[in-house]
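what follows is a predicted protein model with its sequence.
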Amino acid sequence: MLRTPRNVGFDGRWFLDEAEWLTYCRRKPVRYIRRPQATACQLGGLPGSPDNPLQSAHIIGFDVGVIDLGLTPEFLDSDKNIVTAHRRACNKQSELDHQRAMSRLRDLGVKELPKYLPAAVHEAWRKLGGPDAALDCGDM
């Protein structure tokens, strides 16, 4: 029996297509962080300890990233979106809220969100403003 290829990724795309997004709205994807951890917390600079070890943390978390903004798990697990943080407190502090996540995407060069996202998300994106608010980002 032939095996279907798995974990083939998203060809470097930053955003899901609508069918992928609808699937992940039903069940969030598994995380596969392959980035090596730093030797100290990237938020506070201190090393880990037995009661507060270091771990990989998402800057844009999966709830905001996948469900609210339509980002691919591949982008969310990429070096652009991962920091090393202490498990207690620092990990949660590293995660951006909805508004700051959209600002981060703008800072990374994203010009437009996928059209299938809800109108409220597009309105929040427009309120961020900037000269590139109406430009298309292609496969970003």
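Received the coordinates, thanks. Predicted model only: the values in this text are computed from it and were never measured.

what's the offset of the one helix or strand residue 92 maps to from the middle of its chain?
Secondary structure assignment for residue 92, by DSSP states H and E: helix 90-94. The chain centroid and the centroid of helix 90-94 are separated by 14 Å under Cα atoms, centre = their mean, to the nearest Å.

go on, stretch 56-76?
For stretch 56-76 - counting by Cα atoms, centre = their mean - the centre lies 3 Å from the chain centre.

so which elements touch the following helix or strand past the helix holding residue 92?
Sequence order places helix 98-107 as the next helix or strand after helix 90-94, per DSSP H and E. Using 3 or more Cβ pairs under 8 Å, 6 or more residues apart in numbering; DSSP states H and E, the elements in contact with helix 98-107 are helix 119-128. The way it works is simple: take the backbone N, C-alpha and C, and place the C-beta from them, glycine included.

the helix it packs on packs against which elements?
Using 3+ Cβ pairs under 8 Å, 6+ apart, the elements in contact with helix 119-128 are helix 98-107.

enumerate every residue touching residue 93.
Applying Cβ atoms under 8 Å, 6 or more residues apart in numbering to residue 93 gives the contacts 43, 85.

ok, 10 Å please
Under the criterion of Cβ atoms under 10 Å, 6 or more residues apart in numbering, the contact partners of residue 93 comprise 41, 43-44, 57, 85-86.

and the helices in the chain, which stretches?
Under the criterion DSSP state H, the chain carries helices at the ranges 18-26, 62, 73-76, 90-94, 98-107, 119-128.

okay, those helices in TSV with distance to residue 10 and mean pLDDT next?
Output for those, formatted as TSV (distance: least, Cβ to Cβ, whole Å; pLDDT from 0 to 100):
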stretch	distance to residue 10	mean pLDDT
helix 18-26	8	92
helix 62	15	90
helix 73-76	4	93
helix 90-94	23	92
helix 98-107	16	96
helix 119-128	20	95
